[in-house]
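Visitor: Make a model of this:
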Amino acid sequence: MELNERKRKILRTIIDDYISSAMPVGSKTIAEQLGMRLSSATIRNEMSELEELGYLEQPHTSAGRIPSDKAYRIYVDQLLEIASLSAEDAEYIKGYYDERMHETQGILEGAAKAISNATDYVSLIMPPQLKSVAIKHIQLVPVSERAALAVVVTDAGIIKDTPVLLDANVTPAQLEDASHLLNKIFAGRRITENSVLQVSDIYNEIQGQREIFTQITDFLTSRLNSGHREILIGGAAKLLAHPEYATDLDAARNMLQLLDSKEQLRDILLEQPDMEVRVRIGAENHNANMQDCSIVTATYRLGGRVMGRLGVIGPVRMNYGRVLQVIKYMSASLSEVLSSINGVDGKKDDKEER
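Guide: Got it, this is the predicted structure:
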């Protein structure tokens, strides 16, 4: 049995109404909203057939129907028309990070708040990782005679630092010489494990400053090996405003435990391929705590390279149209803004998938 035009219109009406009301939808509601000359008996028959096809579920014997995961999938893939974000909404979102245009971390923190407030769901942003970027500059800053701060600046505008403690006194001039040699070795290079470890090949040039170099390279390598992934979360409290979590304590508890685990959130974002936009609905999610949720993810770029990921988590009864509007805009906006502040071309070439 195929979905003819009438069934598609009825299904879309049911999904739109359920997203808005969180209440099972009956034939009378459909008749009122469609404005078609269809009897209630005809609509009920169509709904029964949609249920047989797996698109609708009936939570109670005499109740209306609610959409299944399968219904949301065809809704996202075929029935949903996504308009561009309005100029007013775009300005509202940009207002969250316009004042912090000089630093990447501030922009991403503002973006997480903006996405959550614009969608009323939980937002996730993974900042650019050391493994994805190239070193722009390294500076050793003296703190005391036997201590310095190694500041690593990347081409993504991310700044990482680590203290360097030394066994012997070191002068500011020696630290400056060491900084110069570090930049000679690392500037413009990707921070891959191989490039870090290759420093051992030039130890003869380092001479008496091996201790400094060992600690710096150990720092860079440890950051790679640790699998460190900071996740910025926006609007976690918004979950409890949705009926699915306000009335189901187990579902709320599972979701809050998930949001408390940066490791799980990292894995959820990383399992999405480098597509521009992707939607995972209910049981399509591999994580057990995500079976009653949907997640929309996207990537952002710097110089054509994928730098990080962003996403929105909410109930399966998610306003997919609004979320896709916001996530697409934010993906493009972050790519443009980060490329602009770092002076690189932000072109992209990956295909989109829902």
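Visitor: which residues in the stretch 101-250 of the chain form strands?
Guide: 122-126, 135-144, 147-154, 159-165, 232-234 (DSSP state E, counting those that start in this stretch).
Visitor: wait, which of these is closest to Ser179?
Guide: strand 135-144 (4.7 Å; C-beta to C-beta). From N, CA and C alone the C-beta is placed, and that goes for glycine too.
Visitor: Now do that closest one against strand 147-154: the angle between them, please.
Guide: Inter-element angle recorded for strand 135-144 and strand 147-154: 160 degrees (by axes from the mean of the first three to the mean of the last three C-alpha atoms, to 10 degrees).
Visitor: on contacts alone, who are the packing partners of strand 135-144?
Guide: Based on contacts counted as 3 or more C-beta pairs under 8 Å, 6 or more residues apart in numbering; DSSP states H and E, the elements that strand 135-144 packs against are strand 147-154, helix 172-186.
Visitor: Is it correct that Glu284 is in contact with Asp69?
Guide: Yes - the pair Glu284 / Asp69 is scored as a contact, 7.1 Å apart, by C-beta atoms under 8 Å.
Visitor: State the three-state secondary structure for Gly308.
Guide: At Gly308 the chain is in strand, as set by DSSP: H, G, I helix; E, B strand; the rest coil.
Visitor: phi, psi of Gly303?
Guide: Main-chain torsions, Gly303, degrees, to the nearest 10: phi 60, psi 30.
Visitor: same question, the one 10 residues further on
Guide: The phi and psi values for Ile313, taken as degrees, to the nearest 10, are phi -110, psi 130.
Visitor: didn't it look like it was pressed against Thr297?
Guide: No - using C-beta under 8 Å, Ile313 is not in contact with Thr297; the gap is 9.5 Å.
Visitor: So which bits of the strand or helix carrying Ser48 are buried?
Guide: Ser48 is part of helix 40-52 when elements are defined by DSSP states H and E. Of the residues in helix 40-52, Ile43, Arg44, Glu46, Met47, Leu50 count as buried by neighbour count, 16 or more other C-beta atoms under 10 Å.
Visitor: same check, this time on stretch 23-36
Guide: Pro24, Val25, Gly26, Ser27, Thr29, Ile30, Ala31.
Visitor: residues in contact with the helix holding Ser48?
Guide: With C-beta atoms under 8 Å, 6 or more residues apart in numbering as the test, helix 40-52 has contacts from 1, 6-7, 10-11, 14, 27-28, 30-31, 56-58, 65, 71.
Visitor: filter these to the buried ones?
Guide: For these, buried by 16+ other C-beta under 10 Å: Lys7, Ile10, Leu11, Ile14, Ser27, Ile30, Ala31, Leu56, Arg65, Ala71.
Visitor: Closest one to Lys160 out of those, please.
Guide: Using C-beta to C-beta, the buried ones among the contacts of helix 40-52 come closest to Lys160 at Ala71, 45.7 Å.
Visitor: residue contacts, the closest one?
Guide: With C-beta under 8 Å, 6+ apart, Ala71 has these contacts: Leu11, Ile14, Ile15, Leu50, Tyr55, Leu56.
Visitor: okay if I get these as a markdown table plus distance to Ile268 and secondary structure?
Guide: Formatted as a markdown table, the contacts of Ala71 follow (distance: C-beta to C-beta, whole Å; DSSP: H, G, I helix; E, B strand; the rest coil):
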| residue | distance to Ile268 | secondary structure |
| --- | --- | --- |
| Leu11 | 29 | helix |
| Ile14 | 29 | helix |
| Ile15 | 24 | helix |
| Leu50 | 31 | helix |
| Tyr55 | 27 | coil |
| Leu56 | 28 | strand |
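Visitor: Farthest-apart pair in those residues, please.
Guide: Ile15 and Leu50 (10.8 Å).
Visitor: Going along the chain, name the helices of the stretch 201-350 of the chain.
Guide: Using DSSP state H, counting those that start in this stretch, the helices assigned to the stretch 201-350 of the chain run over residues 203-206, 210-225, 243-246, 249-259, 262-270, 320-341.
Visitor: What average pLDDT does the longest one get?
Guide: Which is helix 320-341. Averaged over helix 320-341, pLDDT sits at 89.
Visitor: contacting residues around Tyr75?
Guide: Tyr75 sits in contact with Leu11, Arg12, Ile15, Pro67, Tyr320, where contact means C-beta under 8 Å, 6+ apart.
Visitor: what's the spacing between the second one and Val153?
Guide: When you say that, I think you mean Arg12. 50 Å (C-beta to C-beta, to the nearest Å).
Visitor: Kindly report the same for the third one.
Guide: In this view, Ile15 and Val153 are 48 Å apart by C-beta to C-beta.
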